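Participant: turn this into a model:
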Amino acid sequence: MKFASVSKILVACAALLVASSAFASSKASLQLTNPANVNGTNLKAGDYKLQWDGNGPNVEVSVMQGKKVLAKVPARIVELPAPADYNAAVTKTGSDGSSTLQGVRFQGKKYALDLSGSGDGMPASQ
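Facilitator: Numbers count the residues shown, from 1 in each chain. Model prediction:
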């Protein structure tokens, strides 16, 4: 009886471990050289941390300073034709002169985050 109970517990733990690794959290840095709007939140120029869960393509990105979450935004993980040459914040300037964060590229990675919501906010060129 004890062996059967221990086996069930081990199987449950193994299943939980596999499930949690499938939804691993990813982190990256973001440097804004100019203010930008992210999902209704105005971010000042500065350094931020990005965190998202899952392997995509659809994820929710948390924009953080320290441990404080400043904004959450839905995003898509998109594949790039080649690794990005440098880290880049992709912004779009509106008619009023304000900037909206549309995406983020990561140096040496063949993926980027598309925050545009339309799926076409990340030009393939670097």
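
Participant: setting aside sequence neighbours, what's the nearest residue to Ala71?
Facilitator: Closest residue in space to Ala71, ignoring its immediate chain neighbours: Thr41 at 3.9 Å, by CB to CB, 6 or more residues apart in numbering. Bear in mind the C-beta positions are built from the backbone N, C-alpha and C, glycine included.

Participant: neighbours of Glu79, how many?
Facilitator: 11 (other CB atoms under 10 Å).

Participant: these two touch, right, it and Leu113?
Facilitator: No: between Glu79 and Leu113 there is no contact under CB atoms under 8 Å: 11.7 Å.

Participant: thinking again about what came up before, the residue nearest to Ala71 touches Met64, doesn't it?
Facilitator: No: Thr41 lies out of contact with Met64 (CB under 8 Å); the separation is 11.6 Å.

Participant: quick check: next helix or strand after the helix or strand harbouring Asn37?
Facilitator: Counting by DSSP states H and E, the element that carries Asn37 is strand 36-38. Along the chain past strand 36-38, the next helix or strand (assigned with DSSP H and E) turns out to be strand 41-43.

Participant: just the residues contacting that following strand, thanks.
Facilitator: 32, 35-37, 63, 70-71, 101 (CB atoms under 8 Å, 6 or more residues apart in numbering).

Participant: right, I'll call it a day here.
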